[in-house]
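Asks: Mind looking at a prediction? Sequence and model below.
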Amino acid sequence: MPSTARLTEPLRRHFWYIDGHRAFKESIINAGLKFLLLTDIKLCFKK
């Protein structure tokens with residue numbers, strides 16, 4: 001059925017893009033949290 005394949009291909013690409021976007025956002029959030037933790041630890045040691 002070429003018609004269904006033609007319909008699902010853009011959908012699959014769209015969901016793959018959303019998944020990649022989510023992973024990208026999560027990595028940014030994780031990096032931000034690690035940075036905050038490190039600065040918190042540094043501030044604690046300075047006191």
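Replies: Received the coordinates, thanks. Numbers count the residues shown, from 1 in each chain.
Asks: what helix or strand does R6 sit in?
Replies: Taking DSSP states H and E as the criterion, the element that holds R6 is helix 2-46.
Asks: Check the model's average confidence along that helix for me.
Replies: Over the span of helix 2-46, the pLDDT mean works out to 84.
Asks: Tell me which other helices or strands it touches.
Replies: Using 3 or more CB pairs under 8 Å, 6 or more residues apart in numbering; DSSP states H and E as the contact definition, helix 2-46 packs against no other helix or strand. Any C-beta I mention is one placed from the backbone N, CA and C, and that applies to glycine too.
Asks: Distance from it to the middle of the chain?
Replies: Between the mean C-alpha point of helix 2-46 and the mean C-alpha point of its chain there is a distance of 0 Å (CA atoms, centre = their mean, to the nearest Å).
Asks: Could you do stretch 39-47 as well?
Replies: Here stretch 39-47 shows a centroid-to-chain-centroid distance of 28 Å under the convention CA atoms, centre = their mean.
Asks: Good, we can wrap up now.
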